[in-house]
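> Give the three-dimensional model of this entry:
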Amino acid sequence: MSAKSDPLARLALAALIAFFLPTAVRAQDVDCDQPNEKEVRSLSFEGNKTFDAGQLSTIVITTPSSFARRYFRIFGTKRCYPSDGLAQDVANLKAFYEINGFYDTKVDTVVTPASGSPVRVTFRINEGQPLTLDSLTITGLDSVADRATILRDLPLAVGRRFGRLQLANQTDSITIRLRHIGYPAATVFPSYDAHKPEHRAEVQLEVQTGDRARFGTIAVRSANVRENRPPEIDSSVVLGLLGFRSGDRYSDRSLVDASRNLYNLGVYRHVSVGLDSTAKLTDSIVRVGVDLREDYMHEITHEEGWATLDCFRLGGQYTDKNFLDHAQRLELTARVSKVGYANGVNFARQSICQSLNPDSVFSSHLNYYAGATVRRPTLFGGHWVPSYSAYTERRSAWEAYLRTTYIGLDVSASRELGRGLPGRVGYTLEYGRTDAEPAYLCYVQSLCTQEERAEVEGNRRLGILSVSLQKNTLDNPIAPKSGYVIGSEVRGAGTITGSDASQSFAKITMDAGVFRAVTSRTVVSLRVRGGLIGGGEASQGTRLPPPQERLYAGGATSVRGYPQNELGPLVYLMDRDQFKVSTLPDGSQIAVLNADAQPARPVPTGGNRLLVLNAELRLRDPFFPQVLEYVPFVDAGQVWVRSAGTPGVNVKPLSVTPGLGIAYFSPIGPIQFNLGYNPNASPAGPAYFAAGVDSPGFGGGAPLVCLTPPGTPPVPFRVVDGKLSQNTTCPAAYSPHHSAQFWNRLTKTLSIGTSF
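I've put the predicted structure just below:
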């Protein structure tokens, strides 16, 4: 059998394939709208080796009832046996196999009664032997310099299965590749000889490249959203944003990239970049038409919300999309959080925001951000998109630190380095301060008095250079079923970047997640996150980066068996009734914890090595699949501290915490509640009492007092004129009692948005 094909034939083939896809019209054939119709309880396929049941189920009309209907009989969607029987389904399956190279396929049907009147439908398929390609001839590419690139990794190859669908894909692939490298009139004429008895085929592809072309005149036609006003963005600005100019080598990809560049500006409702309809494709110079319809150039947005670690938060932004008439974007942004808990606005501290009580030191400060950002469309007419920002902000990390930036400047540039591979380079210069828990500074940096802490808690310069990359192939950003996302960032600061000497560090982090659908309602997701830090000031043999750059783990988007930031080294703060003070013969004092002492709250110190692993099984609810999802998970992770001059780290095994989450897909996004089971003992760490100036028994009060568990050599201290004198570092000897009861080992976390 021999056949000659052209583009019209390929359109016909595409229409044939589209016929197999389920449509609303054909769905009516299985609606149960007549009396005595038989409900389809199940649909299955046997003997199919090349294509799975999911692919074949989209080819046939027959469709089983919904899960709820099949198993509970009361509610759900009921679907019935096709009114015309299964003949059309059999024909569809044979045609589908034929266009994929199987000419001997046989399809039988088995209809068996289920309980009651419903039926079970089975298609038994004998695929037969497919056609194998034993000859492939491609002509017309001898004059193409990139011939090897054009023919690389094509669907058809000698020795592989031949089918008309693969032939159509091969034809389109060659055509598209030629048009990408300068041949706008490229056309491929395929023909084939199918020798069915011998199960082999021969393919000939005749390529007509046409002239290799360059871009000629570029005509810009633009209209304003308001019909009676001229366009606000001049055509000369548009020409500079296309990414190509008259005289450049023609490429279909350049036209697609230009459309994306213009759409990404956010200033156009309609963008069309293509060949001028009057241009002759046989010419070596092609004209381009750019048709645009402008959107409104000024926009005001606002947001209000509540979050588990932010209490109430408010935000607003004003955007000028054509700042200074060059398609530049000006954004004026203001945000506040901790509203309802912070001092002065603490109206909900004892009600909806009381979950912030464990972080009262930092959450009592209102977090804010106010900034202005200018984004240019391109940098010097290239592919880099620059951004310039000035801002002031205050932000906190749960139980860890409070960062106040009085003035900050950020200069960055981003671009698409490849398909779905955006990159960014940036430089940030801040003048501000970072406040950490006194107990953190005392244990980690040996700064135990107020005077010593004041030396490092003052205002400092921080200049950071950063580079980041991300690859994202997810099919859905909210509820992905397939694809992966991987990102990495390198950050560094030192005197060479304009930082204060105490603010130096080098840091790299990596985050990767992969999603794979097991069934239509079941998705497996895996994620790994890691980081390491070098540099920083040395204290007790450890290199210490600034607190805001240290690595933390634990919480709703990390290891869910631990509260926020509480996986890893901890320092414990105790109340006055948890220990006893004794005076030694030499006049010094010691403080010993009670046998059953429990901390008022932990203080995470973070680390300079991090590894977090997450595995989830996302199961959509059978009754309300668009609303509810169940998420059994297993998380593992650890935060380590590496000491300077040592080859390894303070190695601790990974902490593993299984659990269960329930996600609700609300109108504002997914909200997930998690219960993580933590079988691990609490880490040992130092214990302190933060004494006030009037604390009794301390001779006028001391900033911090080291507390030791019973059986541990106590640390003597003296308090003279309100100042603490303590010669020995507080030992990391206290470990809180961890209840063995199951319910007491559960950690509750709540996330708004995706868990990772």
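> Pull the contacting residues for Ile662.
By C-beta atoms under 8 Å, 6 or more residues apart in numbering, the contact set of Ile662 is 628-631, 672-673. C-beta: built from backbone N, CA, C; applies to glycine.
> do that again at 7 Å, thanks
630, 672-673 (C-beta atoms under 7 Å, 6 or more residues apart in numbering).
> all strands for the stretch 451-600 of the chain, in order.
For the stretch 451-600 of the chain, strands defined by DSSP state E, counting those that start in this stretch occupy the ranges 460-472, 482-493, 505-519, 522-534, 537-539, 542-544, 570-573, 579-583, 589-593.
> Comparing those strands, which comes out most buried?
strand 570-573 (a mean of 24; mean count of other C-beta atoms under 10 Å).
> and that strand, what does it pack onto?
helix 438-445, strand 601-604, strand 687-689 (3 or more C-beta pairs under 7 Å, 6 or more residues apart in numbering; DSSP states H and E).
> which residues in the stretch 1-150 of the chain form helices?
7-20, 24-27, 53-57, 67-72, 87-99, 147-150 (DSSP state H, counting those that start in this stretch).
> on that earlier part again, tell me which entries of the contacts of Ile662 lie within strands.
630, 672-673 (DSSP state E).
> Verify the contact between Thr301 and Tyr318 for me.
No: the pair Thr301 / Tyr318 is not scored as a contact, 8.3 Å apart, by C-beta atoms under 7 Å.
> okay, the two: which has more neighbours?
Applying other C-beta atoms under 10 Å to Thr301 and Tyr318 shows that Tyr318 carries more neighbours, namely 15 against 10.
> helix, strand or coil for that one?
Using DSSP: H, G, I helix; E, B strand; the rest coil, the structure places Tyr318 in strand.
> need the contact list for it.
Contacts of Tyr318 (C-beta under 7 Å, 6+ apart): 300, 332.
> Relative to Ala327, how far out is it?
17 Å (C-beta to C-beta, to the nearest Å).
> Kindly report the same for Asp146.
The value you get for Asp146 to Ala327, if C-beta to C-beta is used, is 34 Å.
> Please apply the same query to Gly432.
In terms of C-beta to C-beta, Gly432 sits 33 Å off from Ala327.
> Break down the stretch 251-400 of the chain into its helices, ranges please.
Under DSSP H, counting those that start in this stretch, the stretch 251-400 of the chain gives helices at 252-264, 360-363.
> so where is the stretch 501-650 of the chain shaky, pLDDT-wise?
Along the stretch 501-650 of the chain, the model assigns pLDDT under 70 to residues 536-544, 643-650.
> I should have written the stretch 151-300 of the chain there, sorry.
Using pLDDT under 70, the stretch 151-300 of the chain drops low at 277-282.
> Backbone dihedrals for the most far-flung residue of the chain relative to its centre, both of them.
The outermost residue of the chain relative to its centre, with distances by C-alpha atoms, centre = their mean, is Pro585 at 61.9 Å. The phi/psi pair for Pro585 (degrees, to the nearest 10) reads phi -60, psi -30.
> List the residues that contact it.
Counted by C-beta under 7 Å, 6+ apart, Pro585 has zero contacts.
> re earlier: okay, the strands of the stretch 451-600 of the chain in a markdown table with distance to Tyr296 next?
Formatted as a markdown table, the strands of the stretch 451-600 of the chain follow (distance: least, C-beta to C-beta, whole Å):
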| stretch | distance to Tyr296 |
| --- | --- |
| strand 460-472 | 29 |
| strand 482-493 | 33 |
| strand 505-519 | 36 |
| strand 522-534 | 39 |
| strand 537-539 | 51 |
| strand 542-544 | 50 |
| strand 570-573 | 52 |
| strand 579-583 | 65 |
| strand 589-593 | 65 |
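> what about those, which gets the closest to Arg120?
Ranking those by distance to Arg120, with C-beta to C-beta as the measure, places strand 505-519 first at 18.7 Å.
> so what's Glu437 closest to, chain neighbours aside?
Spatial nearest neighbour of Glu437, excluding adjacent residues (C-beta to C-beta, 6 or more residues apart in numbering): Val603 at 4.5 Å.
> One more: Ala334?
Ala370 (4.9 Å).
> these two touch, right, that neighbour and Ser389?
No: contact between Ala370 and Ser389 fails when scored by C-beta under 7 Å: they sit 11.1 Å apart.
> These two: who's more crowded?
Ser389 (18 against 13).
> The more buried one reaches Gly371, doesn't it?
Yes: using C-beta under 7 Å, Ser389 makes contact with Gly371 at a distance of 5.6 Å.
> Only the buried residues of the longest strand seen in the chain, if you could.
Secondary structure of the chain per DSSP E: the longest strand is strand 401-418. By 16 or more other C-beta atoms under 10 Å, the buried positions in strand 401-418 come out as 401-405, 408, 410, 412-416.
> Most widely separated two among these?
Checking the buried residues of strand 401-418 with C-beta to C-beta, the most distant pair is Leu402 and Glu416, at 36.8 Å.
> Kindly provide the distance from Gln578 to Leu593.
6 Å.
> Same check on Thr308?
Distance from Thr308 to Leu593, by C-beta to C-beta: 31 Å.
> what's the answer for Arg335, then?
Applying C-beta to C-beta to Arg335 and Leu593 gives a distance of 42 Å.
> now Tyr97
With C-beta to C-beta as the criterion, Tyr97 and Leu593 are 76 Å apart.
> mind giving me the domain split of the protein?
2-126, 132-208, 214-294 (automatic domain parsing).
> Turn these into a markdown table, including mean neighbour count.
As requested, the domains of the chain are arranged in a markdown table below (neighbours: other C-beta atoms under 10 Å):
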| stretch | mean neighbour count |
| --- | --- |
| domain 2-126 | 15 |
| domain 132-208 | 17 |
| domain 214-294 | 16 |
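> what's the nearest residue to Glu46 if we skip its chain neighbours?
Per C-beta to C-beta, 6+ apart, closest to Glu46 is Arg124, 4.8 Å.
> just checking, that neighbour touches Asp108?
Yes: the criterion here is C-beta under 7 Å, and Arg124 meets it with Asp108 at 4.4 Å.
> Can you show me the strands along the stretch 101-250 of the chain?
106-113, 119-126, 132-139, 187-195, 200-208, 214-223.
> can I get those strands in CSV with distance to Val485?
Shown next, in CSV, are the strands of the stretch 101-250 of the chain (distance: least, C-beta to C-beta, whole Å):
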stretch, distance to Val485
strand 106-113, 41
strand 119-126, 37
strand 132-139, 37
strand 187-195, 35
strand 200-208, 37
strand 214-223, 35
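> how about those strands, which one is nearest Gly76?
strand 119-126 (17.2 Å).
> that older thread, for the longest strand of the chain, which outside residues touch it?
Here strand 401-418 has contacts from 362, 365, 379, 383-396, 422-436, 547-548, using C-beta under 7 Å, 6+ apart.
> buried subset of the residues you listed?
362, 365, 384-387, 389, 391-396, 422, 424, 426, 428-436, 547-548.
> Quick check: nearest residue in space to Gly637, chain neighbours excluded?
Val612 is the one closest to Gly637 (C-beta to C-beta, 6+ apart), at 3.8 Å.
> what packs against the helix or strand hosting that neighbour?
Taking DSSP states H and E as the definition, Val612 sits inside strand 609-620. On a contact count with 3+ C-beta pairs under 7 Å, 6+ apart, strand 609-620 meets strand 522-534, strand 628-640.
> Of those strands, which is nearest Thr509?
Short answer: strand 522-534, nearest of the helices and strands packed on strand 609-620 by C-beta to C-beta, at 3.9 Å.
> In the protein, which helix is the longest?
helix 164-180 (DSSP state H).
> what comes into contact with that helix?
10, 13, 99-100, 150, 154-156, 186-188, 190, 192, 203, 205, 207, 209, 251-253.
> Which strand residues bridge Glu304?
Under DSSP bridges, the beta-bridge partners of Glu304 are Leu314.
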